[in-house]
Structures are given as structure tokens and as C-alpha cells.
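# turn this into a model:
(chains A and B)
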Amino acid sequence: MKRRLQLFLPLAIFLGLCLMFYVALFRDNPGELPSALLDQPLPTFELATVKNPDRTVTRESLLGEVALINVWATWCPACRVEHPYLVDLANKGIPIYGVNYKDDQPEARKWLKTLHDPYRFSINDKSGSLGIDLGVYGAPETYLIDHQGVIRYKHVGIVDANVWKNDLEPRFRHLKEKALKATANNHEEEAI
Amino acid sequence: MVAEAGLLALIIALCLSLLLSIFPLVGSYTGNIRLMNQARSLSWGLFAFVGFSFLCLVWAFITDDFSVDYVARHSNSLLPVQYKVSATWGGHEGSLLLWVLILVGWMAMVALKSYRLPPELSARVLSVMGMITVGFLLFTLLTSNPFNRILPFPPEDGADLNPLLQDFGLIVHPPMLYMGYVGFAVAFAFAIAALLGGQLDTAWARWARPWTTVAWVFLTLGISLGSWWAYYELGWGGWWFWDPVENASLMPWLVGTALIHSLAVTEKRGLFKSWTLLLAIFTFSLSLLGTFLVRSGVLTSVHAFANDPERGVFILFYLMIVVGASLTLFALRAPEVRSRISFSMASRETLLLVNNILLTASAATVLLGTLFPLLLESLDMGMISVGPPYFNFVFVPMAMLLAFALGFGVLLNWKNGSVKWLISQTRWIFLVSIIGGLGFSLFYGESFLISEVLAMALVLWIVLTMIRDILNKTQNIRAKNGLMEALTRLKPAYYGMHLAHLGLAVTIVGVAITSGYSSQRDLRMAPGDRVTLGEYQFRFDGVRLQPGPNYTSEYGSVTVYENGRQIAVLHPEKRVYTAQQMPMTEASIDPGLTRDIYVALGEPLGDDGSWALRLHIKPFVRWIWLGSIFMGLGGVVAISDRRYRMKVRQKVSALRPSGNEGVASA
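Residues are numbered from 1 along each chain as shown, chains lettered A, B, ... in the order given. As a prediction, this is how the structure comes out:
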């Protein structure tokens, strides 16, 4: 009888796995920003940059323009795939900031040197603390922030031409127009 | 109209598969031979209808019918025609249809060969495959219909196939891979049929063996094609990334390899019966799991198809029904008694047990590494990513142990053997291998690497034990009739085994030397600049614009010299595909048996025509894939063994009264 019970072991393990998959499927859809973070201001932080470890950047360094924040790492093959497209976007003048997530610093510097650096700067998030505050699920992820540093959208996975055209660019343009109007209003108020 | 015909054919196929999963099975229990025989015609009908439906989709692609949503999303009128055909499986819906087509294709083949099986068994096997088909057809029709129209306003042109997929490797990689994945459904169906019938003798193993081997050959070639594609297409010279989807194909391969070995033990010695059944279930379950992981979007990966939670839920439930039911059946019906057949410590059985443990353990570590991030996440313990360091750390040592065990395994005979004999056989080989490995690493390349010593020693170990075994097996005849005669008397299955093992050795050579001794430089070059890397000189001849059929290309030229002699002109490209404005790097490679020269274009720098260039020399990289061709060949040679055709002949001779007996009675 004991042997017969042992034969149920594979089934038990499998059902455990299924439970896990089920939970994973019904967590907040990873493709969308959890509602808790949507329209919230960026978390505060004080971290070094990848290229220059002596330079410290903070939340304020990201403000002023509608921009993308791209979470990347050298251990992530998908980041390799999206990298050339990010370089392309940067060449078109889209401001992109990097968050180098739980990565090896010499490797990351080598990556930026050999594959080109699309980022205004990359924040060194070695411990992953900024990642936790941002609600990072994994790399690559790309956040869209407005000129005041409010998170407006999040994309999980590779950014390619399709994602840019369909998901990111319309929102980017919309936010940019809003930012322009806001500054124009400010000027008017000042004038009055 | 064609798209509607395709959809209709798919619906008819669903009805046929429902009939197939019920009636022959009922017939096999009630002893109704007519119901059982329905299985064959139903299988062929299924194949015909799914095949027709697939052709309809191909037709929609070739004729640029952009009112079909799937075609509009994955094709473009400018796309070259071979890619229009391959775009059929370039997205989720179409690749799913290809998966179903291959499944029913295997089923039709089984039906064709089923005349030599007992009728109950063939009816049950086909019924089980029919049930698998029901699930996949429902999945296609309910969540992923490739024939959906965009009406009344179809787009004028399509969005184009992802440029990454516009490539020869990607035309053949998915069909090969699916042939492998789905082929394991046959072994699975045999195992389930054996469990259903309660006939758990070794017969099912003998029947399932050639099918499993063929599926394994396809999977081997499919994985290796994928790796080759990543190497030349993704543009940074890597060939394996431990990406979740790569892992999803590696796991069934590892367990499938274990299955091939354990089927041998079950067939020949009647041992490991329950274990082999379990492995057959695992192998196919892991193929299904791979499908789930790729298509549900639970993991982020380079390969991710457009994900949709609805699909994820469907596959998960499907997975639960198929795997859950099989494992329950296994738990209820698997032979409980421990086999009474004994074998000694130093026997082939023991070594094959070691092989099975190592292969399943390595599959388990890959599974753990792939799912660990998910596990932590579902327990709300934060997010981590498991990268190559983990996999290399746990996987490589196990692969090395496996290669070491292999040497003993091929030398030992079934059942009996002594440790003393084994030591006397291998001590010199062992010594020579170590010295050879040390020697190699001392003289080859610039640095001494302990990992290279180990790897090359193992390669020598595999090859030398193999030669030793061939000498042992031919000993008697060799003395009498000479070596050639002795060699021709060995069976194809035996050669197949050695060929596949040789393939492993060849792959290890490739992996070890490429990982240890590749050299690479990233540099800025202006037209006319020269640079030396290893024993090669490179001259950059600039970049010009060149239009392609559906892209424009910045077309670079690099001339390569060896000792002042020109050996190659390479043309790395950067393409921008018109429809999606997507940039793509096309590396240019001068292939060679002992080294690849690999050049990729980076970014333009400055106005003087300078570019960033990436130059690689990759020694022996081709051996990685060459090895898998050997493995595949090994599999093909093994199933050509006439042993698998004997069943028919025995039947024929049983029908004919034997001449000798006639003489004796006369």
C-alpha cells in the first residue's frame, strides 16, 4: 500500500505546479501597471550612475521632460534584443533613462560601450531597491513618465517598433502636448 | 471564401477528433473490432481536414488576403514569397495550427503502421492521440482562430512579418521543433494505452521505441537550428541564452533522452517499467508545459507570443486535464511490484540508471531555474531573475558527470559485470584522457583553463571508450575474418548508439573551445582602416546604401586577410524594414570547420564614414551544431535496425507452415 501511495507523488508535485501557474496567471496583469502605482509620482532615490560611480542622481534628475525609463541588465537576453531599437529611439531624440537592475557593473559598462548607450544616464540599482519601489517584475520593462515625474504607463517586455507605435508613442505625444500647454499656462500666469 | 473553407475544415476536424477519442476506445473494451478499426480512417480523415485547413491559411498568405486578420498582422505585399509561406507559422494562431497539423500527421503515420499492432492497442493509441487533438483544436477554434476576418474595412497592406523571422533558419526551425515536441505524443499515447489496457509487459516499449527516437531526432535538430539561428541572426555571437523558451525546449529533450535510454532497458531487460511509463508521460507533459510557458505570457522572453490571459487559462486547464489524468492513471495502474530481475552493480543497467538520474536531475534544475522567479512571485516574495550563472553552475557539472558515466555505460554488458574488469578496461583510457586534456589546454590557445582540461579529457574519454567497446565487440570475428568483416556484422542499432554518443563528444568540443578561446574586439573603424585580431587582419571598406525587397540596407564591406592573403570579403548589414521601421543587424560570417570569422555592424560614428564594428573569431563553434547532426544521424541509423521490422516477418512465417516440420512428419 505504501508503494502505491508513492506512485501518487508525481501527481501531487504536478498539482502544486499548477496552483503556482494559476496564481501567476491571475496576478495583476504584468503588461499593465498595477493600479497602485499608476499616476503616482516616481519614488525618491539617491543612487550612482553606471558610467560614473561618483555621480549621484536623484528623482529630481529625471524631471522636466516627458521621458522613458528603461529597466535593463546584461543578464537579460531580451534586453539585448530591444537595445538597438532603444538606440534608434534615442537618436530620434526621445529622452530615455536607464535603470541598470541588479547587474554586474563592469559588465554593464562594457555593454554600454560596445552596444552604444541610448540612455541620458543609467541608474545603478545594484540592490534592486529602486526596482522594488517602482514595482519592477523583471527586465526589460519600460516606464513612461511625464514632465513632473509622474508614472503614466508601464510596458513589460521588449520595446520594438510595434510597441512604440501602438502603445508608447501615442501616450508620449499626448503627455508632451499636455506638458507644453502647462508650461504655456504658467508663462501666461507669470505675465499677468 | 478560402478562409471560411479553412475554418469549416477545422470544425469538421474537431468533430472527427471527438469521434476518434470515443468510439475506438469503447470498441477496445467491448471487443468490437469494427469500432476499433474506425480509428484508422478517422485519423486519416483528421489529417486530410487539418491539412486542407492549413493549406487554406497558406493560400491566404500567398494571395495577400489582408481581410484575414492574422494575415494582415504577419504579412505584407512586399514580403518575398518564401517568407509569405513561412509567415503562416510566424505568429501564435498559425503556429498553433501547424502544431495541430503535425500532431495529426504523426497520428496518420501511426495509423499507417498500426496494422502490425494488436487491434486493441492501436485503437487505444489513436484514441488517446485523438483526445490530445480535441484539446488543441478547441484551443485553436475558441481562443486563437487564424481565419478571423477584419470586415468591412480590411487594411490595404499588412503589418509585415517580424524581421527577425524573415530568415531561412526560422522557416525550418519551428516545424522541426514541433515535429519533436509533438512526436513525443506518440510515446505518451503508447504509455497511456498500456496503462489503460493493463498490459504492462515490455511490448509497448518495443513499439514506442522507434517513434520516440524519431521524435528525439527532430527535437535535437530543431533545438540546434534555433541555436544556430540565434548565433547568426541576433548579431552578438552567442548561441545559447538560457532564455525561458529555450529552456522549454531543452527540458523535453533532456527527459526524452532519458526516455530513449530507459526504453532500451525496459525493452531488453524488462526493468524500470514504471519509471519508463512515467518518463513517457513527463516528456510529453514538458512539451505541453513549454507550450503553456510560451503562449500564456507568464514568463517574459525573447520568444513571447502576444500574450493573452484567456489563452493562458485555457492551456493551463488543458495541461491539468491531460497531465493530471495521466498521472492519476499512472498512480492507479503502474506496476506496483518491484521487478524480480536482478543486476549487478557493474552492469549496463546500473549505468543507465545513473544516466536517467543525471538527465532528469538536470531537467529538474532547468525547470527550477525557469520557474523559480514565478514561484517567488506567486508567493509574493518579490521578483528575481535567474540568469546564465545559475544554469552554467548547476548544468555543466551534471553534463560532465553524464559524459563520464557514458564511457562506463557503453563498455559494460547487460546484467553481469565486475568492477575489476571495468577498471582493467578503462585505467589506461582514463590516464590518456587526462594527459590529453592537459596537453590540449597547455598548447592550444593563450591561457590554461581547467574547464578546458576537463572538457577535452571527457571528449577523449568518450571516443576512446567507444573504440575500446568496438574492439571488444568484434574480438572473436576479427581474429578469424579480419576487422572489416567484423565491423559489417555489427548491428545498425549499435552504430546508431555510438554515432549519437560521438555527436555528444563533438558538441562538447565546440562548446568548450568556443567558450574558452573566442576572441572579440569592438572598435571604431573608418573606411580603409586595418586591424589585426588573432592571426587575421581585417580591412574595413566602408558602408553603402543598398535597397532590398522590403527593407533598405546599410551594406558594409570588410576584407579579411590571413598572412597577407585575402581569404574572405564579408558584408555585415544593418537593415531597416520598411513596413515596421524596425532596425535589424545582419552579421556576416566566414564559416570554417576550425573557426568562424564573425563581423557585425554597430552604429555609424561621425561624418567620416566611421562605424562601430564588432569582430569575433569563434574557434570550433560549428562543432556545436555538427554534433547535433551526428546525434540525429545516430537516431536515424538506430531505427533502421531490422529488429523493428521483425514483428511483421514473424507473423508471416507463423502463417506459413514451416518446411522443416513438413519434412519431419513425412
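
# helices of chain A, residue ranges please.
Taking DSSP state H as the criterion, chain A carries its helices at A:2-6, A:9-26, A:77-91, A:105-115, A:129-134, A:161-163, A:169-191.

# buried stuff in the fifth one?
Looking back up the chat, that one is helix A:129-134. The neighbour-count check on helix A:129-134 (16 or more other Cβ atoms under 10 Å in any protein chain shown) flags A:L130, A:G131, A:L134 as buried. C-beta: built from backbone N, CA, C; applies to glycine.

# out of those residues, which are close to chain B?
A:G131 (Cβ under 8 Å from any Cβ of the partner chain).

# dump the buried residues of helix A:129-134 into TSV; add pLDDT as well.
Shown next, in TSV, are the buried residues of helix A:129-134 (pLDDT from 0 to 100):
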residue	pLDDT
A:L130	83
A:G131	78
A:L134	79
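
# hmm, the lowest-mean-pLDDT helix or strand in chain A in reach of chain B?
Between all helices and strands in chain A, the lowest mean by mean pLDDT, DSSP states H and E belongs to helix A:2-6, at a mean of 76. Yes. For helix A:2-6, a contact with chain B is found by Cβ under 8 Å from any Cβ, at A:R3, A:R4.

# got the CA coordinates for that helix in CSV?
Listed next in CSV are the C-alpha coordinates belonging to helix A:2-6 (Å, rounded to 0.1, in the frame of the first residue of the first chain):
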residue,chain,number,x,y,z
LYS,A,2,2.8,2.3,0.8
ARG,A,3,4.3,1.8,-2.6
ARG,A,4,1.0,2.6,-4.2
LEU,A,5,0.9,5.9,-2.3
GLN,A,6,4.4,6.7,-3.6
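
# identify the residues contacting the most centrally placed residue in chain B.
Nearest to the geometric centre of chain B sits B:L219, at 1.9 Å (Cα atoms, centre = their mean). By Cβ atoms under 8 Å, 6 or more residues apart in numbering or on different chains, the contact set of B:L219 is B:M176, B:L177, B:M179, B:G180, B:Y181, B:G183, B:F184, B:S249, B:P252, B:W253, B:G256.

# that one and A:V57: what is the separation?
48 Å (Cβ to Cβ, to the nearest Å).

# and residue 119, how many neighbours?
Just so you know, I chose chain A. 24 (other Cβ atoms under 10 Å in any protein chain shown).

# that's the wrong chain, I wanted chain B
B:P119: 17 neighbours (other Cβ under 10 Å).

# pretty sure it contacts B:I33?
Yes. Between B:P119 and B:I33 a contact is recorded at 6.1 Å, counting by Cβ atoms under 8 Å.

# verify the stated contact: B:G503 with B:S628.
Yes. Contact status for B:G503 versus B:S628: in contact at 6.4 Å, counting by Cβ under 8 Å.

# neighbour count: those two, which is higher?
Remark: of B:G503 and B:S628, B:S628 carries more neighbours, 25 against 22, as counted by other Cβ under 10 Å.

# excluding chain neighbours, what is closest to that one?
Nearest non-adjacent residue to B:S628, counting by Cβ to Cβ, 6 or more residues apart in numbering or on different chains: B:S224, 3.6 Å away.

# before we move on, what about B:D596?
Beyond its immediate neighbours in the sequence, the residue positioned closest to B:D596 (Cβ to Cβ, 6+ apart) is B:K618, lying 4.5 Å away.

# wait, is that neighbour part of a helix?
No. Per DSSP: H, G, I helix; E, B strand; the rest coil, B:K618 lies outside any helix segment and is strand.

# any idea how far chain A is from it?
Look at B:K618 and chain A: by Cβ to the nearest Cβ, to the nearest Å, they are 16 Å apart.

# low pLDDT regions in chain A?
The model of chain A has pLDDT under 70 over residues A:1-2, A:26-37, A:137-138, A:186-192.

# now with 90?
Residue ranges of chain A with pLDDT under 90: A:1-11, A:13-47, A:51-65, A:71-85, A:87-88, A:91-93, A:101-117, A:125-142, A:146-171, A:174-192.

# just checking, B:W625 touches B:S227?
Yes. B:W625 is within contact range of B:S227, at 6.9 Å (criterion: Cβ under 8 Å).

# okay, and the helix or strand of chain B with the least pLDDT?
Using mean pLDDT, DSSP H and E, the lowest element in chain B is helix B:659-665, with a mean of 34.
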